[in-house]
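S.K.: The sequence and its predicted three-dimensional model are supplied below.
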Amino acid sequence: MSLYDVFDAIEQSPIGAGIKNSTWLFPGIEAVHLLALALLGGSVLLLDLRLLGVGSGGSGERERGSAGCSGSDSGEGARETANEEHDGLVERGAAASA
C-alpha cells in the first residue's frame, strides 16, 4: 500500500468527506492550528528570554550566579558576589580553627 492509497483512504473516510464538504470546518481547523503554533512559539520565546535575563523582572540566571552570556558586562556583579561569599567562608573557617 503506497502513501497515495493511504491519503486517498483518509480523504474518503467520513471525517475527510465532512471536512471536504463543509464550508467552515477546514478554515476553523487551520485557525486553531495556527493559534496553537503561535502559543507554542510564544512560550518558547518567553522561556528563552527568561534564560537570558530579559523581561523577567531581573531574576534571570545570571543574577543567581550562573554563568551568563559570554562577553557581557552584567556578569561582573555575580563574580563580585561570589568572591564576597568566598571571602566570608574563608574568614569563618579561620575563626573556627582559631
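M.R.: Cool, the structure landed. Note that this is a predicted model, so its numbers are computed, not measured.
S.K.: now for whichever strand or helix holds D48, which elements pack on it?
M.R.: Using DSSP states H and E, D48 falls within helix 25-52. Counting by 3 or more CB pairs under 8 Å, 6 or more residues apart in numbering; DSSP states H and E, the packing neighbours recorded for helix 25-52 are helix 14-21. For glycine as for every other residue, the C-beta is placed from the backbone atoms N, C-alpha and C.
S.K.: Could you pull up the mean pLDDT of the helix it packs on?
M.R.: Mean pLDDT, computed over helix 14-21, is 94.
S.K.: In the helix holding D48, which residues are buried?
M.R.: Within helix 25-52, no residue counts as buried by 16 or more other CB atoms under 10 Å.
S.K.: I'd like to know how many residues surround G53.
M.R.: By the measure other CB atoms under 10 Å, the count of residues near G53 is 20.
S.K.: Report the angle between the helix holding D48 and helix 14-21.
M.R.: Angle between the axes of helix 25-52 and helix 14-21 is 100 degrees (criterion: axes from the mean of the first three to the mean of the last three CA atoms, to 10 degrees).
S.K.: quick one: low-confidence ranges for this protein?
M.R.: For the chain, residues meeting the criterion pLDDT under 70 lie at 55-79, 82-83, 86, 88-91, 93-98.
S.K.: 80 - rerun?
M.R.: The model of the chain has pLDDT under 80 over residues 55-98.
S.K.: What lies in contact with stretch 25-40?
M.R.: G18, I19, K20 (CB atoms under 8 Å, 6 or more residues apart in numbering).
S.K.: Kindly recompute the last result at 10 Å.
M.R.: I15, G18, I19, K20, S22, W24 (CB atoms under 10 Å, 6 or more residues apart in numbering).
S.K.: Of those residues, which is the most crowded?
M.R.: Ranked by neighbour count (other CB under 10 Å), the contacts of stretch 25-40 have I19 at the top, with 15 neighbours.
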